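Visitor: Prediction below, plus the sequence it came from.
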Amino acid sequence: MTNTIEERQDKAFETNPDAFFSVRDIHAYYGESYIVQGISFDMPEGEILALLGRNGAGKTSTLRALARVDDPALQSGEIYLGGQAIHEMRAFEAARAGIQLVPEDRRIIGGLSVEENLVLAQIAPPKGWEIERIYEHFPRLAERRKQEAITLSGGEQQMLAVARALARDIKLLFLDEPYEGLAPVIVQEIEEILVHVKSLGITTIIVEQNAVAALQLADTALIVDMGQVAFRGTAQEVLDNKELRHEYLAI
């Protein structure tokens, strides 16, 4: 099912109560600024969704609201992950329920080694992957396990940020601008990692300004404009629709 901007009042969109991840008419504010204005969508388990839009459209705000961080403040709506009512939780509770957010600034601790960053991620229960399993899937991090995180390249820091998320109990991975500031060859490496993460059955939402790269990786797409849904459908539909891309993504 797809909706364009002319018909985007999401009261008409009925979410599936049995969906792995279900977002029902959420509204969120920064102070008095009305930022997220009635977003609704569903996701099956194991898919990648590209959450797209122009700068200031509300992409990151939507992602943060879904992760239940303090800003923006969720005022109404419902969020369910595997039947759990995420909208009733605080951020640390949502993380314990399996939602792991990798923000744009990555939030790794530069003065600690790669391994210390991973160990720190496992201090609060429940734990996810064991560190040796992480190293099996991220051999470059294994090579740099004793190296300070601040000395890693941008791509390696992004790998570490994703690995930290996997070190927690994870059901749903949120990535905010994972390709920001990375060279194209490094973007390709991160894409390969995300394909691998998907192969492990982990559901992922990507907010990314590099829309084409995100769409080529994703199964489905959600385009937001002025805090509302402008389009929902498959990633291929967006790639095939030049008019839609031009209007909402300027590409």
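Guide: Perfect, thanks for sending it.

Visitor: all helices of the chain, in order?
Guide: For the chain, the helices defined by DSSP state H cover 59-67, 91-97, 114-121, 131-137, 139-143, 154-166, 184-199, 211-217, 235-240, 242-249.

Visitor: closest to Y34 out of these?
Guide: helix 59-67 (10.4 Å; Cβ to Cβ). Heads up, the C-betas are built off the backbone N, CA and C, glycines and all.

Visitor: now the closest one: mean pLDDT?
Guide: Mean pLDDT, helix 59-67: 96.

Visitor: Outside of it itself, list whatever touches it.
Guide: Helix 59-67 is contacted from outside by 23, 26, 28, 30, 35-36, 39, 51-53, 71-72, 74, 79, 86, 91, 94-95, 99, 101, 104, 174, 176-177, 205, 207, 224, 227, using Cβ atoms under 8 Å, 6 or more residues apart in numbering.

Visitor: Output that helix as CSV - backbone C-alpha positions only.
Guide: Presented in CSV, the C-alpha positions along helix 59-67 are these (Å, rounded to 0.1, in the frame of the first residue of the first chain):
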residue,chain,number,x,y,z
LYS,A,59,13.4,12.0,9.9
THR,A,60,15.7,12.0,12.9
SER,A,61,12.9,13.4,15.2
THR,A,62,10.8,10.4,14.2
LEU,A,63,13.6,8.0,14.9
ARG,A,64,14.3,9.5,18.3
ALA,A,65,10.6,9.4,19.2
LEU,A,66,10.5,5.7,18.3
ALA,A,67,13.5,5.1,20.5
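
Visitor: which of the residues in stretch 93-112 are buried?
Guide: A94, A95, A97, G98, I99, Q100, L101, V102, P103, R106, I108 (16 or more other Cβ atoms under 10 Å).

Visitor: Return the helix or strand in the protein with minimum mean pLDDT.
Guide: Ranking every helix and strand in the chain by mean pLDDT, DSSP states H and E puts helix 184-199 at the bottom, with a mean of 89.

Visitor: so that one versus helix 154-166, what angle?
Guide: 20 degrees (axes from the mean of the first three to the mean of the last three Cα atoms, to 10 degrees).

Visitor: And the residue sitting furthest away from the middle of the chain, how far from L118?
Guide: The C-alpha centroid of the chain is most remote from K146, which lies 28.2 Å away (Cα atoms, centre = their mean). According to Cβ to Cβ, to the nearest Å, K146 and L118 sit 12 Å apart.

Visitor: sorry, back to before: verify the stated contact: the residue farthest from the centre of the chain with L112.
Guide: No - look at K146 against L112 with Cβ atoms under 8 Å: they stay out of range, at 10.7 Å.

Visitor: Where does pLDDT dip in the stretch 1-150 of the chain?
Guide: Within the stretch 1-150 of the chain, the segments meeting pLDDT under 70 span 1-12.

Visitor: quick revisit: cross the contacts of helix 59-67 against strands and list the overlap.
Guide: 23, 26, 28, 30, 35-36, 39, 51-52, 74, 79, 99, 101, 174, 176, 205, 207, 224 (DSSP state E).

Visitor: Tell me the buried residues within those residues.
Guide: For the ones in strands among the contacts of helix 59-67, buried by 16+ other Cβ under 10 Å: 23, 26, 28, 35-36, 39, 51-52, 74, 79, 99, 101, 174, 176, 205, 207, 224.

Visitor: quick one, what contacts the residue most central in space within the chain?
Guide: Most central in the chain under Cα atoms, centre = their mean is F174, positioned 2.2 Å from the mean C-alpha point. Taking Cβ under 8 Å, 6+ apart, we find F174 in contact with L63, L66, A67, I99, Q100, L101, V102, T204, I205, V207.
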